[in-house]
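S.K.: Starting from these lines, generate the structure:
(chains A and B)
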Amino acid sequence: MPGLGSLRNNTLVAEFFSQYMWSWAAYLLTGLIHCALLIQVGAVGALFFIWAERKVSGRIQDRLGPTRVGGMFGWLQSLADGIKLITKEDLMPDGADGLLFRIAPYISFCASFAALMALPFSDGWVAIPINTGVFFILAVLGLEVFGVILGGYASASKWSLFGAMREAAQVVSYEVPLGMCVVVPVLITGTMDLVQIGTFQEGWFTNWLILHDPFTFIIFWVYFTCALASVNRAPFDLAEAESELVAGFHTEYSGIRWSYFFMAEYGSMFAVSGLATILFFGGWNGPVPITGWLGLTHETGPIAGYIGNFLGLVNFVGKTSLFVIVMIWVRWTLPRLRIDQVMKMCLKFCVPIAAVMFLGATFWQRQFPGGVLLKTSYGDRYVVTEADTAAPAKSKDSAKPAAKTAGEASPGQPSADKTASVSHRVTKGS
Amino acid sequence: MDSINWHSFFFLLFGLLASAFAVGVVVASSVVRMALYLIVALAATAGLFFLAGADFVGAMQIMIYVGGTLVLLVFGVMLTAQGPFVSMKTGGGDWLLASLVAGALLALLIPVAFSVPDWRGGEPAPAVMEPTATPIGVGLLGVRVDKLDADRPESLKPGMSSYLLPFEIVSMHLLVVLVGAAYLARTKRRRSPSQIES
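M.R.: From the prediction side, this is the model:
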């Protein structure tokens, strides 16, 4: 039984609300709750990570960083900055293309928000469980660059235009190795569903895909490099190179629109880090299967399952934040690359390494499907049943009633409703 | 959920968005605005795919057209722009010709769409989000999951041939085209060694 957040439970929540209001309002309210929670991931996450960025950069440069606002450690500094940005005047250059200039920050923000929609935060805690979640997140994150390009172009400023052009060239090139890196975990698990990829790595940390074989270990670092480049972070932040282009694509932006660009940046940092966590670092599964020992799974009951899922959420957010902190660390450690070095890095290093590792992982998967030294049994609960491959036509009739009650669908009866990919996993030890 | 058929509602919403912004692409004069409208139109089409339960095709639509092609389009505009904003004026003759062609196509499509009996009348069934990636991938290798029969699963049936060879031929063709384009576009002038060093 999947946890809250899958579409089946969305239906349950909506039906609960519909006792008190019109049913269309209940569905709308359920959707709004999800939206609000996910926007908080972007907004509160940005507040926290901007503060962390200031503290980490301060420590790296032998300074203190913010110390006063909010008492200890200046933890309210980002909030003060946010209030400042909201109250700032929203300027637009005279020569700018008004419509494009105004709409560009929202495009970036919406793209990074849409990526969070398909990201599972714990076992089944995902706003929209998509069968091709990995692919969807990559596709939507590629959309974020469009806001940057539009903003840079519409500003009618040379600095902005240069920044936007660099960003376009960089992101289009780095999507290629990024896609290749992501294919490898998909190849090993045999699914593009992020919930299933996470479930596959259940158990001890040796089940994490980064430790699956030497090729996945290497390809994680390629992924991380390409992810840094695709979210436009230093040392790949050529689009806003302060020492050359004033501020790059957002030179002409101020106030709340500027902060939308930044929420988009931190949101997509969180999204690519979350993707790395799920693809390579076990997702919501901790290094030690404590939740399994304590029986905090859905088999023992909804409350225990909820607690277990909450621990998973803590795990996931912890690992993801760790990657974001590493990104911050890298930013304040490495100097910015030149544009030719960026392209060289992509075409001469990332793409060939990713291609070779892809072939190697294919070979490994064929020769040693069960591992070599550690004979790990991957994902006891992970079984691709017929419903994944079976005919769409024959299971259509069972689709609607299966969504009614959560407890009914037994693992033996694959139903093709929207949560089928989750519900038909064979559960262990039950 | 009975009061509003959400499927119809979102179908109409995405359909209207796609059509309206497609008209916007034609009417707009600035190339980059056209690109923006085209993005909305194509993304709304992707929404229609998601609504039909084809999530893989929808994500593909976003990735290839919205994330890839249009970024390249705007990139090309930025690289070649002379002034700050490129604008294109469409002449009266072009309008006439284009509306003739488009009207002829529309006149052809509407009767075809209404001639399918299954598409007429009744409320459409809500979409079922089925896993589409696996059938598409397996279908590329020649096994059509939806056409498998229980009695003779091992034999190839009409419509079950592999698409892998045509796919490979097309991709090799594209690669040749790209190499050729790069060869044609590169600078022909031979540089002396001193120029290269500088």
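S.K.: contacts and neighbour counts: CA atoms only from here.
M.R.: Fine.
S.K.: So which residues of chain B form strands?
M.R.: With DSSP state E, there are no strands along chain B.
S.K.: which residues of it score low on pLDDT?
M.R.: Scanning chain B with the threshold set as pLDDT under 70 gives B:1-5, B:81-87, B:118-132, B:142-162, B:188-198.
S.K.: One more pass at 50, please.
M.R.: B:1, B:198 (pLDDT under 50).
S.K.: Show me where chain B has its helices.
M.R.: Secondary structure of chain B (DSSP state H): helices located at B:6-27, B:31-51, B:55-61, B:70-80, B:92-115, B:133-140, B:164-185, B:193-197.
S.K.: Same check on the stretch 201-350 of chain A?
M.R.: Using DSSP state H, counting those that start in this stretch, the helices of the stretch 201-350 of chain A run over A:214-230, A:242-245, A:255-280, A:290-294, A:302-331, A:339-344.
S.K.: Which positions within the fifth one qualify as buried?
M.R.: Spelled out, that is helix A:302-331. Buried residues in helix A:302-331, counted by 16 or more other C-alpha atoms under 10 Å in any protein chain shown: A:302, A:304-306, A:308-317, A:319-321, A:323-325, A:327-329, A:331.
S.K.: Could you report the distance from A:K344 to A:I128?
M.R.: 37 Å (C-alpha to C-alpha, to the nearest Å).
S.K.: likewise A:M72?
M.R.: Taken as C-alpha to C-alpha, the span from A:M72 to A:I128 is 39 Å.
S.K.: and what of B:L141?
M.R.: 30 Å.
S.K.: between those two, which one's more packed in?
M.R.: Ranked by neighbour count (other C-alpha atoms under 10 Å in any protein chain shown), B:L141 and A:I128 place A:I128 first, with 20 against 15.
S.K.: The more buried one contacts A:M117, correct?
M.R.: Yes: proximity of A:I128 to A:M117 meets the contact threshold set by C-alpha atoms under 8 Å, at 6.0 Å.
S.K.: Nearest the middle, which residue of chain A would you pick?
M.R.: Averaging the C-alpha coordinates of chain A gives a centre point, and the residue nearest to it by C-alpha atoms, centre = their mean is A:A271 (2.4 Å).
S.K.: What sits closest to that residue if chain neighbours are left out?
M.R.: A:L116 (6.1 Å; C-alpha to C-alpha, 6 or more residues apart in numbering or on different chains).
S.K.: and what of A:P335?
M.R.: A:P235 (5.9 Å).
S.K.: try A:C346
M.R.: A:Y174 (6.3 Å).
S.K.: how much space between that neighbour and chain B?
M.R.: Taking C-alpha to the nearest C-alpha, to the nearest Å as the measure, A:Y174 falls 12 Å from chain B.
S.K.: so that residue is in which element?
M.R.: Per DSSP states H and E: A:Y174 is located in helix A:158-189.
S.K.: and the very next helix or strand once past that helix, is it in reach of chain B?
M.R.: From helix A:158-189 onward toward the C-terminus, using DSSP H and E, the following helix or strand is helix A:194-200. No: figure legend: helix A:194-200 not in contact with chain B (C-alpha under 8 Å from any C-alpha of the partner chain); closest approach 12.8 Å.
S.K.: Now do helix A:194-200: distance to the chain's middle.
M.R.: 14 Å (C-alpha atoms, centre = their mean, to the nearest Å).
S.K.: helices or strands up against that helix?
M.R.: helix A:158-189, helix A:255-280, helix A:420-423 (3 or more C-alpha pairs under 8 Å, 6 or more residues apart in numbering or on different chains; DSSP states H and E).
S.K.: what's stretch A:114-122 in contact with?
M.R.: Contact with stretch A:114-122 is made by A:38, A:126-130, A:133, A:136-138, A:140-141, A:194-195, A:267-268, A:271, A:274-275, A:283-284, A:309-310, A:312-313, A:316-317, as judged by C-alpha atoms under 8 Å, 6 or more residues apart in numbering or on different chains.
S.K.: can you do 7 Å?
M.R.: The contact list for stretch A:114-122 (C-alpha atoms under 7 Å, 6 or more residues apart in numbering or on different chains) reads A:38, A:126-130, A:133, A:137, A:140-141, A:194-195, A:271, A:284, A:309, A:312-313, A:316.
S.K.: residues touching the closest residue to chain A within chain B, list them.
M.R.: Distances between chain B and chain A by C-alpha to the nearest C-alpha are smallest at B:M63, namely 4.3 Å. Contacts for B:M63 (C-alpha under 7 Å, 6+ apart) come out as A:A139.
S.K.: Just give me the neighbour total for A:Y260.
M.R.: 20.
S.K.: Sorry, slip of the keys, the one I care about is A:S108.
M.R.: The criterion is other C-alpha under 10 Å. On that basis, A:S108 has 30 neighbouring residues.
S.K.: now do the one 10 residues further on
M.R.: Other residues within reach of A:A118, judged by other C-alpha under 10 Å, total 25.
S.K.: A:W221 now?
M.R.: 16.
S.K.: by how many degrees do the helix holding A:Y174 and helix B:70-80 diverge?
M.R.: Using axes from the mean of the first three to the mean of the last three C-alpha atoms, to 10 degrees, the inter-axis angle of helix A:158-189 relative to helix B:70-80 is 150 degrees.
S.K.: Just list what helix A:158-189 packs against, helices and strands only.
M.R.: helix A:133-154, helix A:214-230, helix A:351-367, helix B:70-80 (3 or more C-alpha pairs under 7 Å, 6 or more residues apart in numbering or on different chains; DSSP states H and E).
S.K.: Please identify which of the helices of the stretch 201-350 of chain A is closest to B:T45.
M.R.: B:T45 lies closest, by C-alpha to C-alpha, to one member of the helices of the stretch 201-350 of chain A: helix A:255-280, at 24.1 Å.
S.K.: one step back: just put the helices of the stretch 201-350 of chain A in JSON lines and tack on distance to A:M165 and mean pLDDT.
M.R.: As requested, the helices of the stretch 201-350 of chain A are exported to JSON lines (distance: least, C-alpha to C-alpha, whole Å; pLDDT from 0 to 100):
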{"stretch": "helix A:214-230", "distance to A:M165": "14", "mean pLDDT": "89"}
{"stretch": "helix A:242-245", "distance to A:M165": "12", "mean pLDDT": "74"}
{"stretch": "helix A:255-280", "distance to A:M165": "17", "mean pLDDT": "87"}
{"stretch": "helix A:290-294", "distance to A:M165": "48", "mean pLDDT": "73"}
{"stretch": "helix A:302-331", "distance to A:M165": "21", "mean pLDDT": "85"}
{"stretch": "helix A:339-344", "distance to A:M165": "11", "mean pLDDT": "85"}
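S.K.: Go ahead and confirm the residue nearest to A:P335 touches A:L334.
M.R.: Yes: using C-alpha atoms under 7 Å, A:P235 is in contact with A:L334, at 6.1 Å.
S.K.: hmm, back to that, nearest to A:G179, of the helices of the stretch 201-350 of chain A?
M.R.: Of all the helices of the stretch 201-350 of chain A, it is helix A:214-230 that lies closest to A:G179, at 8.8 Å by C-alpha to C-alpha.
S.K.: is chain B contacted by the closest one?
M.R.: No: using C-alpha under 7 Å from any C-alpha of the partner chain, helix A:214-230 stays clear of chain B, coming no nearer than 12.4 Å.
S.K.: So what touches that helix?
M.R.: A:171, A:174, A:177-178, A:181, A:209-211, A:236, A:272, A:280, A:350, A:354, A:357, A:360-361.
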